[in-house]
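*Asks:* Here is a sequence with its predicted model. Questions after.
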Amino acid sequence: MTGVHWQPKPMLNPIFYPITSLMYAALAAYFWRVNWLPATAAAGADSRAAEHLTVFVPMLLHAVLLYQSVFAGEGMHLGIGNALSAIVWLTVAIYWLGNLVYKVEGLQAMVMPVAAACVLLPVLFPAARALPNTELVAFKAHLVISLLAYSFFTIASLHVLLMALLERRLHDGDLPFGLHKLPPLLTMETLLFRIIAAGFVLLTLTLVSGIVFSEELFGKALRFNHKTVFGVLSWLIFAALLGGRRLYGWRGRIAVRWTLAGFLMLVLAYVGSKFVLEFVLGRT
């Protein structure tokens, strides 16, 4: 009887982690020089297509590294390092796709440094064990939706910081040449609230799918814990922001403060709970 021998999956050499990080960092330096420094901005004004293609290379390497880290061995390993790396990869991917339609060039210099740091996290903070219950459909749905929600709100937070920087530069009369082709601030503000609205829908689905997952696993609708409290607080903040925008026309500094406050609650909900579980309690 001839048996079928299991063959290990081909793995990229760990050296590709720092290589991918350096590629992101080099792109961050390039985009900063082209878009934010007036002396060299004109040099890259007509290279948008090449820039877009160049970003795809480290993004693809990041995806392969992330896949082999999450699915190393049996089960799914999604510790704090892999989770943050996955959220940031989705952030880069969503921005990369969105940049085909919306020209928000200045955001590249803000996204790339974050990606350069987070691609290394699976090596610095490896998952000790596989996640339990990954065979449950409710858990899989909850996981995918929650990662997408965090990614959209990461983009929203970076976008609102870009708007604040642009507004300050405009008031000072010191807007670099590379940012002259950006949409007007009102247009960028409209885009911001579209991103927040999409993230809010995903966050709502995250909470609902979390309730479904909790019922399927623990037999009760919702567990009252750190993650639940900050997750609900984040939902309430973004709900108030969207409501204030629709009813009272909230914009400008109000939008900046509420967006960053909601994002901070999300960070405390997910990263905070992951840190406590993995580094304080020693669990996944």
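*Replies:* Happy to help now that I have it.

*Asks:* which regions of this protein sit below the pLDDT cut-off?
*Replies:* The model of the chain has pLDDT under 70 over residues 1-11, 38-46, 128, 177-178, 181, 215-224, 272-284.

*Asks:* Spell out for me which residue occupies the centre of it.
*Replies:* Using Cα atoms, centre = their mean, the residue of the chain that lies closest to the mean C-alpha position is residue 151, 3.2 Å off.

*Asks:* Name the nearest residue to it, ignoring sequence neighbours.
*Replies:* The shortest distance from residue 151 to any non-neighbouring residue, by Cβ to Cβ, 6 or more residues apart in numbering, is to residue 90 (3.8 Å). Backbone N, C-alpha and C define where each C-beta goes, glycine included.

*Asks:* That neighbour contacts residue 148, doesn't it?
*Replies:* Yes: the criterion here is Cβ atoms under 8 Å, and residue 90 meets it with residue 148 at 6.4 Å.

*Asks:* what ranges do the helices span in the stretch 1-150 of the chain?
*Replies:* Applying DSSP state H, counting those that start in this stretch to the stretch 1-150 of the chain gives helices spanning 16-36, 48-70, 80-98, 108-118, 121-124, 137-172.

*Asks:* Dump those helices into a markdown table; add distance to residue 196 as well.
*Replies:* Converted to a markdown table, the helices of the stretch 1-150 of the chain look like this (distance: least, Cβ to Cβ, whole Å):
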| stretch | distance to residue 196 |
| --- | --- |
| helix 16-36 | 24 |
| helix 48-70 | 24 |
| helix 80-98 | 14 |
| helix 108-118 | 17 |
| helix 121-124 | 26 |
| helix 137-172 | 5 |
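
*Asks:* Which of those sits closest to residue 210?
*Replies:* Relative to residue 210, the nearest member of the helices of the stretch 1-150 of the chain by Cβ to Cβ is helix 137-172, separated by 5.4 Å.

*Asks:* picking that back up, separation between the residue nearest to residue 151 and residue 122?
*Replies:* Computed with Cβ to Cβ, to the nearest Å, the distance linking residue 90 and residue 122 is 15 Å.

*Asks:* How is the protein partitioned into domains?
*Replies:* The record, using automatic domain parsing to delimit domains, assigns the chain the ranges 9-126, 132-284.

*Asks:* circling back: how many other residues sit next to the residue nearest to residue 151?
*Replies:* Under the neighbour criterion other Cβ atoms under 10 Å, residue 90 is assigned a count of 21.

*Asks:* which ones are touching it?
*Replies:* Contacts were defined as Cβ atoms under 8 Å, 6 or more residues apart in numbering; by that measure residue 90 touches 147-148, 150-151.
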